[in-house]
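In: compute the structure for the input listed below.
(chains A and B)
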Number of protein chains: 2
Amino acid sequence: MPVAVPIASHTTVPLKPKSSAPRSNPPHPLSTLQPDELRVAARVVKEYNSTKECLFRRILLIEPPKKEVVPYLEAELAGKALPKPPIRRAQALFYFAGETEFMEATVDMTNARLLGQRHLEGEHGPGDDEEVLKIAEISLESPMVKKELERLQLPEGSEVIAEPWPYGSDETETPTRLSQVWFFLNYKENKDHPSANFYAHPLDFSCVVEISKMEVIRIDRLPTDTNMTSESPDARYVPNKDCEYAPDLIEGGVRKDLKPLHIVQPEGVSFTIADDGETINWQKWSFKCCFDVREGMILRNVCYDGRPVFYRMALSEMTVPYGDPRAPLHRKSAFDLGECGAGQTANNLQLGCDCLGVIAYLDGMSCSHDGEPVKIPNAICIHEQDAGLGSKHTNIRTGRADVTRTRELVFQLIVTVGNYEYALYWIFDTAAAIHYEIRATGIMSVTPADASADVSTLGYGNLVAKGVFAPHHQHIFNLRIDPAMDDYRSNAVTYEDTTAMPRDPQTNPHGVGFVAKSTQVQQESAFNLDWTTNRFVKMVNPNKRNRFTNKPIGYKVVAPPTQLGLADPTSMHYIRGEFTDHHIHVTKYADDELWGSGEHLWQSRGGKGGCRTWASRGRELEGDSVLWFTLGFTHITRPEDWPVMPSEVFRMHFKPVGFFDQNPALDVPPSIQSINKSQYAFPNGNSSPPAPATNGVNGHAKTNGSTNGSCCGK
Amino acid sequence: MPVAVPIASHTTVPLKPKSSAPRSNPPHPLSTLQPDELRVAARVVKEYNSTKECLFRRILLIEPPKKEVVPYLEAELAGKALPKPPIRRAQALFYFAGETEFMEATVDMTNARLLGQRHLEGEHGPGDDEEVLKIAEISLESPMVKKELERLQLPEGSEVIAEPWPYGSDETETPTRLSQVWFFLNYKENKDHPSANFYAHPLDFSCVVEISKMEVIRIDRLPTDTNMTSESPDARYVPNKDCEYAPDLIEGGVRKDLKPLHIVQPEGVSFTIADDGETINWQKWSFKCCFDVREGMILRNVCYDGRPVFYRMALSEMTVPYGDPRAPLHRKSAFDLGECGAGQTANNLQLGCDCLGVIAYLDGMSCSHDGEPVKIPNAICIHEQDAGLGSKHTNIRTGRADVTRTRELVFQLIVTVGNYEYALYWIFDTAAAIHYEIRATGIMSVTPADASADVSTLGYGNLVAKGVFAPHHQHIFNLRIDPAMDDYRSNAVTYEDTTAMPRDPQTNPHGVGFVAKSTQVQQESAFNLDWTTNRFVKMVNPNKRNRFTNKPIGYKVVAPPTQLGLADPTSMHYIRGEFTDHHIHVTKYADDELWGSGEHLWQSRGGKGGCRTWASRGRELEGDSVLWFTLGFTHITRPEDWPVMPSEVFRMHFKPVGFFDQNPALDVPPSIQSINKSQYAFPNGNSSPPAPATNGVNGHAKTNGSTNGSCCGK
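Out: I've put the predicted structure just below:
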């Protein structure tokens, strides 16, 4: 994915605290970085470096040490007097104007003092809107690029689009900060349309920009046939068909027969958002949903019915390695959190477009080059949704049926990283389960293909339109889960395997027996799921047992085993992708180990930490384990994914296992017509067509009163 | 699962054709068995056997041979004159009153003549409501059972419930038709409540009934501790706590803070049901959703935009083997389609209880002992649902976002098989995908456990309440998929594996390459999924290639590899469960091979066919393959599943792969506020609590008109 330039979705007016959401002072130890705090951090760094101009890339909250936070949370839960909260700290990442060293400063915001500052030797800062715009601009002005464009003899009236990406990494050392830039043609007729799909016209070269000098240092021609490199020095541009996704550009227009569907809550929503703007209460759940520039959404102190369940949950990193081995495409490997930031690239979500039903929004906050808070409006939307049948049983002797439905509370954040979109969801339900959902959509990254070449013989991609080759790729995600199973101070990770009992005259005389066996992970390590044993991983409290099962209470992760990283272990994709080679890594808790592939990913070359490195230490876990869960999908490209891709949906689950003594959804109210107000589609349930739109609410008048919740005796 | 006795949900009044749904005459070759046809079949069989009384168990449609149907469907699609439809045939399964032979007759309903009749040597008929009621009744009257009940010294004022199950099978030959009956106590206070949960009080014995004589022939004591058999000849009943699921019996009552959520379609629904009551048209999809006594729902002739996609899709069988090796529990292994029937046990779905939104219903039809059609009202409910973000892309240069949502059309059928419920769903979407969803809920099958015994050491189950032991079990489902990829006459099955390219200086110099490789299945065979290669199975048309990829057009099955059957290959669970040992079986099409474990499952002992047997023939597929797909879940029982189980949800997908030349959802209308009419949860999106219910529609007045779909420029 390229570095995003979310100009339009952001505003750079200084952000003031919402008058409607006064922040407590001092802030809660786990509350998001706040505008005034960000200003303090920036001021402290500027004052310390008064002789230079600081260009801030990110100012991030440094969470207080867990051991200092836990007593505070325990007092909160117990309703006792709160201890003095730990000091609030921030990390400022910045460059000095005109210099190349990537700097880090640590600030005590509570006391407005600098705790330290250092040059991050050999590291590069994350992408940045202004930087990316500048790269695109100078690329198009470069004589080297202009020469290529002349060669192509592009059709008049078209516009060239430059799309800067992180350079990626390969075997070759690249000490200076680089960007690789792809080029597309915004073709003729539709080029002035705000959704013109220039990706349908990929050009056959890229350039490399040395960012410190803002100078194009190299042209890389793209392979366009079945050869490993381009071999046509004077190739011309061959126009290919536009392929648009904007509804007003669709040939034949859009469907006319999809009737509106509305979700309404006449009595309002069931959730509340506290004055801090991030503490949510819903259906016995209580937690903070915190915006974060890097991680997007961080769930903190997730409790159910007054019992802690998770200390922290967040997407820790994602990588998108491409399977096309041809240079320079081999360097396509994005790390969208570390290089761009899931919060930095968050969309400004619109009521009725991105969200259906009754919606609340949370704003996010980034920072400008000069250290001012920048508002990211409507970064997270919150709503309830019906999730279908929750439970049902019919007593066949009496005919009485009892039915409940599952309700979910959804937190949605959608990121745009250039051509691609990810919709990320934390979802809570009325049965005490948590779900993490990912939807991949947007536009695939493509390269040009000669009409003359039979690229269908290339196993690493597909032609998705004439002249447009979409390489296969993987999306590999890693979640960092810090459990707190009814206790902030004691947890462990176990995995459970279910296997057949050997046939045995005494213990298994008929050969039908099978047993589930739990194994506690004692040392930092990594392992995989296994469908043959129905293996799942659990986070448990070894010191609390379920009164019935007599087994440690906990939550299990329910997710299928998905394909892991395919890149060769000697490759930079693998070396950098520290979470891509196992489904599960378990590490001993550390305050500063938050991201599966380490901290600074731009042109990273590995060796700076990540869950593979940490898990390989093999230390005793000593009752404070962190679970790193990897899931992903290998995207074998289809024409059906072009030009815009129908969402590919993944959902994983966190479900209680003995955490409760009975079904926690037992007290969910029955699903009955007097509440649900469903309607018959047709006057008598038969095949008559629905009434015309002009006729108004079809079925309403016909069925109101004529039905009742008799199934539940209500 | 026990045989169901869905008294209350069924009516035995003779069914007349809906005046509103006149059937064509002659009926469509693929239309469901119709009431008048059923009567003809019964009459023909009665007349042929005029000297005896026929007690019908099932009268089922025998689909016409595919080779006779295809020309008819092709003419239909082409809008040409329709050929004379093939004759309509039925299979009548029955017993003669007072006799034990299980009889089968084949009837030509078109010409009202018998085509054949035979005694099904060594087979037994499916369960039957009247039979099960009788078994329960005579069990309770049996002196052997009464003796056991006296031994237990049950508390006064309680009621004993007898729950007949199929006998299951083990090594011991059982030529006569048997049932095993479990007993529960409907305990004191709540026993007169229509949802009293008697399963919370399992008794420590079962009995075996010889059905032909309707006589109890044996008592089997249940093991109640860690021993393999019961060893306490004079054990007494030890009362344990009631554990109720009915909302009006929940301690503390139900939650008060879950606000109503309504789904409304002011312009009506987007689907139509033809006069035949089973042909559905929606969003370019066209197909028959046919009710079937055995399979529940059968999708026939599924077409998209006038192109055939599937000839037939249905759940073919499911089995629920239990992992408890202790006699007589080792015989717990249900085959709910073959022994009971997913249609036979279908619930009478209620508006606003089982279905939320704007709903249409289809009735089902069964037959009475004397061969009269019996209506199964509201067996299938149909509705649209929003499925969230369908696609999105933001052009970061212009800020213009284009968003669509996915709409789904859902067909729901819920079966009750004694203690357990399955909700079964066929789901179509606006991106040309089909989904199959299963929700498992209801009440787990449990056995008693002595308070004194530490059953937590038993690996094959968990104590879910005091005295209540829930053995682990598997739910293994098999779908039979008969593809018709843009052609009824030519299909094949392939599987695709994605693997790393070896690192090589010429072809993969940086070690990042990976390739997808398709392999066509040439002979009947069975194989498994493999996450390490991201293996998925495709149904393709080898004679039609996608114009861009140059690969055969088709649909892929998207489903994770789930654990297969754990029972020992020498065990009867395995032998009968012909679909339980591989994810995928591929067989050459045959009109009479429809069910994964064969036809008659009651006390089946294998050897009568099923997908394992058929796949093992290894014949050339010759362009007409049938795909048998197995998925399942191993249910490691939790207290959270008791007393009623929160739905366990599985969804698998059928997605186009090169079947289209571009995203088939491109023309889905944009998601915009002027259509979606979403609302703000709170006056200004902040943390104010929602208005009280009395205040009416919260947010409505405040936000109407104040928002627009600007995200899509509309």
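
In: can I assume residue A:39 sits in a helix?
Out: Yes. Looking at residue A:39 with DSSP: H, G, I helix; E, B strand; the rest coil, it is inside a helix.

In: need the contact list for residue A:321.
Out: A:332, A:333, A:473, A:474, A:476, A:565, A:566, A:567, A:573, A:577, A:580, B:512 (Cβ atoms under 8 Å, 6 or more residues apart in numbering or on different chains). C-beta coordinates here come from the backbone N, C-alpha and C atoms, glycine included.

In: same deal with residue A:622?
Out: Applying Cβ under 8 Å, 6+ apart, the residues near residue A:622 are residue A:588.

In: about what we covered before: tell me which two of the contacts of residue A:321 sit farthest apart.
Out: By the measure Cβ to Cβ, A:332 and A:580 form the most distant pair in the contacts of residue A:321, at 15.0 Å.

In: the two - which one has more neighbours?
Out: Neighbour totals were compared for residue A:332 and residue A:580, and residue A:580 leads with 27 against 23 (other Cβ atoms under 10 Å in any protein chain shown).

In: my guess is that one meets residue A:477, correct?
Out: No. Using Cβ atoms under 8 Å as the test, residue A:580 is too far from residue A:477 to be in contact (10.0 Å).

In: quick check: neighbours shared by the two?
Out: By Cβ under 8 Å, 6+ apart, the residues touching both residue A:580 and residue A:477 are A:630, A:632.

In: which helix or strand contains residue A:478?
Out: Assigned by DSSP states H and E, residue A:478 belongs to strand A:473-483.

In: just the mean pLDDT for that strand, thanks.
Out: Across strand A:473-483, the average pLDDT comes to 98.

In: whichever helix or strand comes after it and chain B, any residue contact?
Out: Sequence-wise, the next helix or strand downstream of strand A:473-483 (DSSP H and E) is strand A:492-500. Yes. Using Cβ under 8 Å from any Cβ of the partner chain, strand A:492-500 reaches chain B at A:496, A:498, A:499, A:500.

In: list the ones among the contacts of residue A:321 that fall in strands.
Out: A:333, A:473, A:474, A:476 (DSSP state E).

In: out of those residues, which touch chain B?
Out: Applying Cβ under 8 Å from any Cβ to the ones in strands among the contacts of residue A:321, one finds that residue A:333 fall near chain B.

In: quick check: residue A:238 touching residue A:466?
Out: No. Look at residue A:238 against residue A:466 with Cβ under 8 Å: they stay out of range, at 9.4 Å.

In: list residues touching both of these two?
Out: With Cβ under 8 Å, 6+ apart as the test, residue A:238 and residue A:466 both reach residue A:451.

In: show me what contacts residue A:569?
Out: Counting by Cβ under 8 Å, 6+ apart, residue A:569 has contacts residue A:581.

In: quick one: mean pLDDT for stretch A:225-242?
Out: 90.

In: now the end-to-end length of that stretch.
Out: Length of stretch A:225-242, first residue to last, Cα to Cα, to the nearest Å: 21 Å.

In: please name the bridge partners of residue A:320.
Out: residue A:334 (DSSP bridges).

In: wait, what's in contact with it?
Out: Going by Cβ under 8 Å, 6+ apart, the list of residues near residue A:320 reads A:1, A:332, A:333, A:334, A:336, A:420, A:473, A:474, A:475, A:476.

In: burial count for the fifth one?
Out: Neighbour count for residue A:336, taken as other Cβ under 10 Å: 29.

In: what do you get for the last one?
Out: Using other Cβ under 10 Å as the criterion, residue A:476 is surrounded by 26 other residues.

In: number of residues surrounding the residue in the stretch 51-200 of chain A that chain B sits nearest to?
Out: Scanning the stretch 51-200 of chain A for the residue nearest chain B gives residue A:194, at 3.5 Å (criterion: Cβ to the nearest Cβ). A count of nearby residues for residue A:194, using other Cβ under 10 Å, gives 14.

In: my guess is it meets residue B:400, correct?
Out: Yes. At 3.5 Å, residue A:194 and residue B:400 qualify as touching, with contact defined as Cβ under 8 Å.

In: picking that back up, most neighbours, which of the residues of strand A:492-500 next to chain B?
Out: residue A:498 (23 neighbours).

In: quick one: contacts for that residue?
Out: Per Cβ under 8 Å, 6+ apart, neighbours of residue A:498: A:514, A:515, A:516, A:517, A:533, A:534, B:472, B:563, B:566, B:634, B:636.

In: make it 6 Å
Out: A:514, A:516, A:533, A:534, B:634 (Cβ atoms under 6 Å, 6 or more residues apart in numbering or on different chains).

In: returning to what we had before: so which of the contacts of residue A:320 wins on neighbours?
Out: Going by other Cβ under 10 Å, residue A:336 tops these with 29 neighbours.

In: distance of it relative to chain B?
Out: Using Cβ to the nearest Cβ, to the nearest Å, residue A:336 is found at 14 Å from chain B.

In: same question for residue A:628.
Out: Residue A:628 is 18 Å from chain B, where distance means Cβ to the nearest Cβ.

In: could you do residue A:284 as well?
Out: Distance from residue A:284 to chain B, by Cβ to the nearest Cβ: 8 Å.

In: returning to that earlier point: contact partners for the residue of the stretch 51-200 of chain A closest to chain B?
Out: The contact partners of residue A:194, taken as Cβ under 6 Å, 6+ apart, are B:398, B:400.

In: what strand or helix carries residue A:55?
Out: Applying DSSP H and E, one finds residue A:55 within strand A:54-62.

In: pull up the pairing partners for that strand, direction included.
Out: strand A:89-96 (antiparallel).

In: count residues in the vicinity of residue A:561, would you?
Out: Residue A:561 - counted by other Cβ under 10 Å - has 19 other residues nearby.

In: which SS state does it fall under?
Out: Here residue A:561 is recorded as coil under three-state DSSP.

In: my guess is it meets residue B:531, correct?
Out: Yes. The pair formed by residue A:561 and residue B:531 meets the contact definition of Cβ atoms under 6 Å, at 4.3 Å.

In: okay, stretch A:616-635 in CSV with CA atoms only?
Out: Extracted in CSV, the C-alpha atoms of stretch A:616-635 (Å, rounded to 0.1, in the frame of the first residue of the first chain):
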residue,chain,number,x,y,z
SER,A,616,12.4,-16.7,20.9
ARG,A,617,13.8,-15.5,24.2
GLY,A,618,12.1,-18.5,25.8
ARG,A,619,11.9,-16.9,29.3
GLU,A,620,9.5,-18.2,31.9
LEU,A,621,6.1,-16.3,31.6
GLU,A,622,5.7,-16.0,35.3
GLY,A,623,2.0,-15.2,35.3
ASP,A,624,1.9,-12.3,32.9
SER,A,625,1.6,-13.5,29.3
VAL,A,626,0.9,-11.5,26.2
LEU,A,627,-0.8,-13.3,23.2
TRP,A,628,0.1,-12.3,19.7
PHE,A,629,-2.4,-13.8,17.2
THR,A,630,-1.7,-13.9,13.5
LEU,A,631,-4.4,-14.3,10.9
GLY,A,632,-4.4,-13.5,7.3
PHE,A,633,-5.5,-14.3,3.8
THR,A,634,-3.8,-15.0,0.6
HIS,A,635,-5.5,-13.0,-2.1
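
In: that one: which residues count as buried?
Out: A:621, A:624-635 (16 or more other Cβ atoms under 10 Å in any protein chain shown).

In: for that stretch, what is the average pLDDT?
Out: pLDDT averaged over stretch A:616-635 gives 97.

In: then stretch A:389-406?
Out: 96.

In: hey, which helix or strand in chain A has the poorest pLDDT?
Out: Sorting the helices and strands of chain A by mean pLDDT, DSSP states H and E puts helix A:700-703 at the bottom, at a mean of 26.

In: ok, back up a step: which of the contacts of residue A:498 has the largest number of neighbours?
Out: residue A:514 (27 neighbours).
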